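*Asks:* Dropping a prediction and its sequence here:
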Amino acid sequence: MQELSQSEENYIKAIYSLCEENNDAVSTNLLADNLQTKASSVTDMLKKLSEKKLVSYKKYKGCSLTNTGEKAALKVIRKHRLWEVFLVDKLDFGWDEVHDVAEQLEHIRSIKLTEQLDQFLDYPKYDPHGDPIPDKEGNFAKRGKTALLNELKINDIATVIGVADGSPSFLQYLDKHKIQLGSEVELIAAFEFDGSVSIRVNNKELSLSKIAATKICVEKIEYENN
């Protein structure tokens, strides 16, 4: 596969993520906002990526990745998420600290290093935020039915498996309330007025805003009837 600059890797990774979120082609303005740059700069880069057969781009209709572009993006994402696991599990970084560091490490080009890192970490399937890590072929582990915390029904019990917001402020908010991956939560009440919820976690009752409840990903625990 052709060698890409750090900027080009950042672009294809952003396009991949935005296409996943919106289930559609990405507009120039949306990509510019995501990368905090000018729309004119985005247009110039999209033309370059299109010439390299990494992006399908039509003026005024947005862009999406070609098969080649998607494979390249997944390689960057794989490295990013493996480095996050390494930082948390081996160097005791907090899950709120690792993103920016992994942003730098994801551009290391050594394929051998990536594969040795994967082996050293015992082939993790998910990163510290619950996001799946693609394997070297670009495949993701299959997960059971997931939901957002606010989508649970009263008395449902679920396990926290990820977050829809990886910002340090939100992760620190969860740390303050001792909510982490693997935490077991029970929905006690849901309030139609403002969308807030009450949950039981760590044997304590806790109120969460609608914003927080819609950013916590869970997997419902199904109990067999006796």
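*Replies:* Structure's in. What do you need?

*Asks:* In three-state terms, how would the residue nearest to Leu174 when sequence neighbours are not counted be classified?
*Replies:* Nearest in space to Leu174, with sequence neighbours left out and distances taken as C-beta to C-beta, 6 or more residues apart in numbering, is Gln180 at 6.7 Å. Quick note: C-beta positions are derived from backbone N, CA and C, even for glycine. Using DSSP: H, G, I helix; E, B strand; the rest coil, the structure places Gln180 in coil.

*Asks:* And Gln180, how far from Ser110?
*Replies:* 32 Å (C-beta to C-beta, to the nearest Å).

*Asks:* neighbour count winner among those two?
*Replies:* Gln180 (15 against 10; other C-beta atoms under 10 Å).

*Asks:* That one touches Ile161, doesn't it?
*Replies:* No. Using C-beta atoms under 8 Å as the test, Gln180 is too far from Ile161 to be in contact (10.7 Å).

*Asks:* Need the residues touching each of the two.
*Replies:* Both Gln180 and Ile161 lack any common contact, where contact means C-beta atoms under 8 Å, 6 or more residues apart in numbering.

*Asks:* what are the phi and psi angles of the spatially most central residue of the chain?
*Replies:* Centroid-nearest residue in the chain: Asp131, 4.8 Å away (criterion: C-alpha atoms, centre = their mean). Note on Asp131: backbone dihedrals following degrees, to the nearest 10 are phi -80, psi 140.

*Asks:* Could you pull up the contacting residues of it?
*Replies:* Taking C-beta under 8 Å, 6+ apart, one finds Arg81, Gly162 in contact with Asp131.

*Asks:* partners of Gly162 in the sheet?
*Replies:* Under DSSP bridges, the beta-bridge partners of Gly162 are Cys217.

*Asks:* Correct me if wrong: it contacts Asp127.
*Replies:* No. Gly162 sits out of contact with Asp127 when judged by C-beta under 8 Å, with a separation of 9.1 Å.

*Asks:* Which parts of this structure are helices?
*Replies:* Assigned by DSSP state H, the chain shows helices spanning 6-22, 28-35, 39-51, 67-91, 98-105, 111-120, 168-176, 210-213.

*Asks:* Got the domain ranges for this structure?
*Replies:* 6-65, 147-220 (automatic domain parsing).
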